[in-house]
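> Predicted model, plus sequence, below.
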Amino acid sequence: MSQKTILIVDDDPDVRLGLHVRLKANHYDVIFAGDGMASIAEARKHMPDLIILDLGLPAGDGFSVLERLKANDSLSLIPVIVVSARDLNANMDRALKAGAKAFLQKPVDNAQLLSVIRQVLGEKNHTPAKKVHDLGDV
Amino acid sequence: MREKALQILLVEDNAGDARLLREMFSKEKPDSFEFTHLLRMSDAVIHLAKGGVDIVLLDMGLPDGHGLDTVRRAHGAAPGVPLIVLTGLDDEVLAAEAMKVGAQDYLIKGQIENRALPRALRHAIERHRMQTETDLIRTHQMKFKDEFLSHVSHELRSPLTAIYQFVTILLDRLAGELNLEQQEYLDIVLRNVKQLQSMINDLLEVTRVQAGKLTIELQCTSVFDAIVYTVNTLQGAATAKGITLSFDKDRDLPSVSGDPTRIRQILIILVDNAIKFTPTGGAVKVQARVFEQDPGFLRVEVSDTGCGISPEMTERIFEHLYQITDPGQSGRKGLGLGLYISKELVARQGGKIWVRSEPQKGSHFFFTVPIFSLTSWIGPMLAQEKKPGDAIALLAVEMGSRDGWLSPDVRKEMSHMARRLLQQCLRPETDVLLPTMDSASVRDLFFVVVYTQEHGAEIISKRIRTQFQRCEQLQPADLTLAVSHSFLAPISREKNESMETFVEHVAAGIQDRINIIRLQRSV
């Protein structure tokens, strides 16, 4: 089975690298974009299986990226998970309405992130490759 | 530069009084005051709405308006314009009341000295201007503070995310093996990351409290489930400190009308505090029972065998940023926001929170939540004069996600949308959408009580199905929907039965049916 490709859109290089290491360890191929504009170009070029999207981005924020993805016939089929530090109460509703599958608040618990990714990709029976440290209930 | 003439609106139906008042300005410079004299309240409201008035002199007895009502209307039409009321000698009490609903000052007719009126007007305007400025500055400051706190808290989350990511990468051995010492130190980092995150969350919660943006969604909620959740969540922390954490296994507690997430949040704060302030070997216990002093409430108690709180502190600990110094522990204290947040959360759900404690003998924290009562929901509907039928149907709408919910938040959001949609399908006077029944089930269950015959129930069911299929926002979750309805055993009000008993009777019937449906689902 070929590995699924995930496009990570985040303007923070540290967060991008952190996600990269985590996802690679769970057997995903990872590609990146650091701003809104690049994210659309990367999505077109690679047609990823999933997009992890931050909201606060230069050159077109996350909502406008979502809008552009959903307005494009082939890109609109790629599932999007919004992962943002922004307030959940104020943004969740808007993100889901714009077509995102889920809104996760940063810092995202590893176990939760992986479980949502697997579910969106339809890999329900896939068990995590390694033991995962989670954030727990704080 | 010549100063602009002061625009005075005089609203007075008595021609003699009006003339006297005007005469008081005769000694003033002719172009410094300009009068508009109106006789009726309705004209005054229109004139005020046009703007341009600097001050209003208002008689409280007009042909089309009387007493405080005139003040409210004038103030409502132009809240930014200072207002002086004119009263008779025996109306001073009323005049004082007028100041509470928006008047700046009052003058008693017949007691106004000649030169005093223009001066009183100028003062009123000046006072009003200063008050408005102070209010404005305060509003700005508050808004700035809230925005600042909210901004800072969100900005803090980004670096925290990176720290969390890499600490867990190391701990999960994704970057190679660790020795025991390294593992131990990284565990310490992770624990502190969690503490920092919890503080940021508290800070954000407080800004929400202060901005009035705390979201509370009252549902039919099980306190027992919330207690089990809390004890499970914090059992690890208690055990690690050598503390026994236990709860009353009384499953027959009545459901409450509260927000399940918020009740869990309150319990987590109280139990977490109890563990923090109890020394090794101590015990923390959670109990709930019907409140003896007011049987409409459930009383939840979190007790500990910790250091206790002195009497003078028991009031203050619920204040913003108040902290008790813990004599037993030289460590950190947190932000001191937990109890303040709890107090707000309890109050917003209609309950009270308090503490009983003695130093060295432990503390008992109590809070109350209103017991859920179906009667208050269906009472107004049953009292309706116009009844489209004499039968009562219970509609059960069950919503699930084909692939399972992606996260509890997604589920909650979808559940909100579903409720809004359901509400649109109902007739507001005769149909009642009952609050969400919190259940551990994977599907959401909504109940609607409808006054209708078989035919009507089918129409509503069909309408609900169609609306849900049409709703685009509900599509991404791949929803499943099941709508069913059943009728309560023929119910009609007995001859001598009071309305109250009748409502209780119907409520009991609905409750039985709901219990059966919930039971069937859980099998």
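Nice, thanks for sending it over. Numbering: from 1, shown residues only, chains lettered A, B, ... in the order given.
> what's the weakest-modelled helix or strand in chain A?
Every helix and strand of chain A was ranked by mean pLDDT, DSSP states H and E. The lowest is helix A:88-97, at a mean of 84.
> Not counting that helix itself, show me its contacts.
By C-beta atoms under 8 Å, 6 or more residues apart in numbering or on different chains, the residues outside helix A:88-97 that reach it are A:55, A:62-63, A:66, A:82, A:84, A:102-103, A:105, B:208, B:213, B:215, B:409-410, B:413-414, B:416, B:473, B:476. Backbone N, C-alpha and C define where each C-beta goes, glycine included.
> And stretch B:250-259, by the same measure?
Identification of contacts with stretch B:250-259 by C-beta under 8 Å, 6+ apart yields B:216-224, B:263, B:288-290, B:298, B:349-351, B:369-373, B:435.
> Quickly check: stretch B:226-233 near chain A or not.
Yes: Stretch B:226-233 reaches chain A (C-beta under 8 Å from any C-beta of the partner chain) through B:Thr233.
> buried ones in that stretch?
B:Ala226, B:Ile227, B:Val228, B:Tyr229, B:Thr230, B:Val231, B:Thr233 (16 or more other C-beta atoms under 10 Å in any protein chain shown).
> Mind checking which of the contacts of helix A:88-97 land in strands?
A:Val82, A:Ser84, A:Ala102, A:Phe103, A:Gln105 (DSSP state E).
> hang on, the earlier thing: please indicate which of the contacts of helix A:88-97 are buried?
Buried by 16+ other C-beta under 10 Å: A:55, A:62-63, A:66, A:82, A:84, A:102-103, A:105, B:208, B:409-410, B:413-414, B:473, B:476, out of the contacts of helix A:88-97.
> What residue in chain B comes nearest to chain A?
B:Gln165 (3.0 Å; C-beta to the nearest C-beta).
> Whichever helix or strand that residue is part of - contacts with which helices or strands?
Using DSSP states H and E, B:Gln165 sits within helix B:116-171. Judged by 3 or more C-beta pairs under 8 Å, 6 or more residues apart in numbering or on different chains; DSSP states H and E, helix B:116-171 is in contact with helix A:13-25, strand B:6-11, strand B:55-59, strand B:83-87, strand B:105-108, helix B:180-210.
> how about the helices of the chain, start to end?
Going with chain A. Assigned by DSSP state H, the helices in chain A fall at A:13-25, A:36-46, A:62-71, A:88-97, A:110-120.
> Switch to chain B, please.
Here chain B has its helices, by DSSP H, at B:15-23, B:41-50, B:68-77, B:92-100, B:116-171, B:180-210, B:223-240, B:260-276, B:311-314, B:338-348, B:374-382, B:408-425, B:454-470, B:499-522.
> can you tell me how far the residue minimising distance to the centre of chain B sits from B:Gly296?
Centre of chain B computed as the mean C-alpha position; nearest residue by C-alpha atoms, centre = their mean is B:Arg348, 4.6 Å away. Distance of B:Arg348 to B:Gly296, computed by C-beta to C-beta, to the nearest Å: 17 Å.
> do the same with B:Arg289
Counting by C-beta to C-beta, the gap from B:Arg289 to B:Gly296 is 14 Å.
> if we can go back for a sec, number of residues surrounding the residue of chain B closest to chain A?
B:Gln165 has 23 neighbours, counted by other C-beta atoms under 10 Å in any protein chain shown.
> mind checking how far it is from A:Gln3?
For B:Gln165, the distance to A:Gln3 - C-beta to C-beta - is 21 Å.
> List the contacts of the closest residue to B:Leu156 other than its chain neighbours.
Spatially, and ignoring its direct neighbours in sequence, B:Leu156 is nearest to B:Ile200 (5.4 Å; C-beta to C-beta, 6 or more residues apart in numbering or on different chains). Contact partners of B:Ile200, counting by C-beta under 8 Å, 6+ apart, are B:Ser153, B:Leu156, B:Arg157, B:Leu160.
> quick one: contacts for the residue in chain A positioned nearest to chain B?
Using C-beta to the nearest C-beta, A:Gly18 is the residue of chain A that sits closest to chain B, at 3.0 Å. Neighbouring residues of A:Gly18 by C-beta under 8 Å, 6+ apart: B:Thr161, B:Ala162, B:Gln165, B:Phe166, B:Ile169.
> Next: B:Val503.
Shown in contact with B:Val503 (C-beta under 8 Å, 6+ apart): B:Thr375, B:Ile378, B:Gly379, B:Leu382.
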